[in-house]
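[1] Structure of the sequence below:
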Amino acid sequence: MNAKAEHYDVIRKPIITEKATMTSENGAVVFEVAIGSNKPQIKEAVEALFGVKVKAVNTTITKGKAKRFRGQMGKRKDVKKAYVTLEAGNTIDVTTGL
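    The predicted structure is shown next:
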């Protein structure tokens, strides 16, 4: 397996919400990442895919909610988010595709 595919396995998709937009004003970008990934892997993947310098990576795991699916109780998947702070002068435009 090549390295680029591994980076795409770590970073799933950008998260575009009101909170994520507010953090982007401070030079941070929010991504949904693989549950098993760690901060050094996330940093390496972002630097390789977007060609930017990463200052810091903060992660959070949001537990999936219990919801009803067609009358049956089910559970949404847990989601891991990475708040990636970029070095000054680096930007990522998440509105365009990869």
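
[2] what packs against the helix or strand hosting V84?
    In the assignment (DSSP states H and E), V84 maps to strand 79-86. Strand 79-86 makes packing contacts with strand 28-33, helix 39-50, strand 54-62 when contacts are defined by 3 or more CB pairs under 8 Å, 6 or more residues apart in numbering; DSSP states H and E. C-beta: built from backbone N, CA, C; applies to glycine.

[3] Deepest-packed of the ones you listed, please.
    strand 28-33 (a mean of 21; mean count of other CB atoms under 10 Å).

[4] For K53, which non-adjacent residue is closest in space?
    Distances taken as CB to CB, 6 or more residues apart in numbering place E87 nearest to K53, at 4.0 Å, with adjacent residues excluded.

[5] Give me the distance between the one you found and V30.
    Distance of E87 to V30, given as CB to CB, to the nearest Å: 17 Å.

[6] For the helices and strands packed on strand 79-86, give me a markdown table that also has distance to V10 and mean pLDDT.
    Converted to a markdown table, those look like this (distance: least, CB to CB, whole Å; pLDDT from 0 to 100):
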| stretch | distance to V10 | mean pLDDT |
| --- | --- | --- |
| strand 28-33 | 6 | 94 |
| helix 39-50 | 4 | 92 |
| strand 54-62 | 11 | 95 |
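
[7] Out of these, which gets nearest to G74?
    Closest approach to G74 among these (CB to CB): strand 54-62, 16.6 Å.

[8] about what we covered before: wait, the residue nearest to K53 touches V52, no?
    Yes: the criterion here is CB atoms under 8 Å, and E87 meets it with V52 at 7.4 Å.

[9] Which one's more surrounded, those two?
    More crowded of E87 and V52, by other CB atoms under 10 Å: V52, with 17 against 11.
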